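Undergrad: Sharing a model prediction with you, sequence too.
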There are 2 protein chains.
Amino acid sequence: MRLTSLADYAVVMMAAAARHPTGARLSAGLLAGETGVPLATAQKLMGRLAASGLLSSARGSGGGFTLAREAGGITLADIIEAVEGPIAMTNCVDGKKSDCALEGNCRVKPHLSIVNGAVRGALQGVSLASLAEVK
Amino acid sequence: MRLTSLADYAVVMMAAAARHPTGARLSAGLLAGETGVPLATAQKLMGRLAASGLLSSARGSGGGFTLAREAGGITLADIIEAVEGPIAMTNCVDGKKSDCALEGNCRVKPHLSIVNGAVRGALQGVSLASLAEVK
DNA sequence: TGCAATCGGACTGAATCGATCCGATTGGAA
DNA sequence: TTCCAATCGGATCGATTCAGTCCGATTGCA
């Protein structure tokens, strides 16, 4: 019931990125310096965020990253899913691979789906734009 | 962003326990059999649930567990916290030990507290009684 | 055409998870 | 009263995943 450090870092870095002018090329090193996240880890994270379509990446000298969408269109749920994989409270919620002994007739499962939806909703209700605002 | 298997099992076992008559002595073996959770793991789990005050335990022959409170007064948040520890999305939310490089002036932190509250609220909104209902 | 800067994927150590085993405690039967 | 069986409780062990580091691939610029 807690985020991994990676996801935590990713949120902070995305918020930092959102404070830069739209379209500016941001290198991993720049954001690492601004956030305090170790450079190598920042590279790994941004690569994963780019692979998920939240960032656009450009290779080579002068390359870097930019937000793939405007900050208002990116949610906490997007960032967390990019780093940690699908948001699912239990492994029987997100389908197929359910090695649960109760299998099909688990009475708890339908309720967990509701909870899962509520949690996900809370995460989708927070946009990156609101995270980037100065407090 | 996903429960550990232990917490998952704990929810299922508590739901199973809630379907028994109030005050009945339930052994770990009985509930393990009903839920399909490995016996040894079930013992460990129920011990942790008892330590957190959700179950009352009695040792010795004829001992076992009973719900410490009525099912309506136990929430998903209670069960998850008993098994996984405090619910906190990031380690800067639950106080003290924040080795975050941004320390005091992190602009993201206040928003994360809100998110954390929302998630926790979703978990507190589901009582064990509703989980135990037949679908 | 070569160089420097940057992204992208593979590898390694560490922490936590999940499961198992054995000792401690209690109630009941002989 | 004494012994035995049943049950909880804590300590131990292997496996999975996490977090971090390193090196190769790619691109633009001088």
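TA: Received it, and whenever you're ready, just let me know what you need. In this text the structure is predicted, and so the values were computed from the model without any measurement.
Undergrad: Tell me where chain A has strands.
TA: A:55-58, A:64-67 (DSSP state E).
Undergrad: so which of those strands comes closest to B:Arg25?
TA: strand A:55-58 (56.7 Å; Cβ to Cβ). For every residue, glycine as well, the C-beta is placed using N, CA and C.
Undergrad: Starting from the closest one, tell me which strands it pairs with and how they run.
TA: Using DSSP bridges, the neighbouring strands of strand A:55-58 in the sheet come out as strand A:64-67 (antiparallel).
Undergrad: Check which residues of the partner strand are buried.
TA: Within strand A:64-67, the residues scored as buried using 16 or more other Cβ atoms under 10 Å in any protein chain shown are A:Gly64, A:Phe65, A:Thr66, A:Leu67.
Undergrad: now the residues you listed in CSV, with distance to B:Cys100 and pLDDT?
TA: Listed next are the buried residues of strand A:64-67 as CSV, based on distance: Cβ to Cβ, whole Å; pLDDT from 0 to 100:
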residue, distance to B:Cys100, pLDDT
A:Gly64, 24, 92
A:Phe65, 22, 96
A:Thr66, 25, 95
A:Leu67, 23, 96
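Undergrad: So for DNA strand D, which of the strands of chain A sits nearest?
TA: strand A:55-58 (6.6 Å; Cβ to the nearest atom of the strand).
Undergrad: which outside residues touch the closest one?
TA: A:Ala17, A:Arg25, A:Met46, A:Gly47, A:Leu49, A:Ala50, A:Gly63, A:Gly64, A:Phe65, A:Thr66, A:Leu67, A:Ala68 (Cβ atoms under 8 Å, 6 or more residues apart in numbering or on different chains).
Undergrad: Can you give me the distance of the third one to B:Leu128?
TA: A:Met46 is 42 Å from B:Leu128, where distance means Cβ to Cβ, to the nearest Å.
Undergrad: Closest to chain B out of the buried residues of strand A:64-67?
TA: Using Cβ to the nearest Cβ, A:Leu67 is the member of those that sits closest to chain B, with 15.8 Å.
Undergrad: So stretch A:52-60, near DNA strand D or not?
TA: Yes - using Cβ under 7 Å from any atom of the strand, stretch A:52-60 reaches DNA strand D at A:Ala58, A:Arg59, A:Gly60.
Undergrad: on that earlier part again, out of the contacts of strand A:55-58, which is nearest to B:Ala88?
TA: A:Leu49 (23.3 Å).
Undergrad: pLDDT score for that closest one?
TA: pLDDT, A:Leu49: 95.
Undergrad: Could you check how far the spatially closest residue to it that is not a sequence neighbour is from DNA strand C?
TA: Spatial nearest neighbour of A:Leu49, chain neighbours left out: A:Leu55 (4.7 Å); criterion: Cβ to Cβ, 6 or more residues apart in numbering or on different chains. Remark: distance between A:Leu55 and DNA strand C (Cβ to the nearest atom of the strand, to the nearest Å) = 8 Å.
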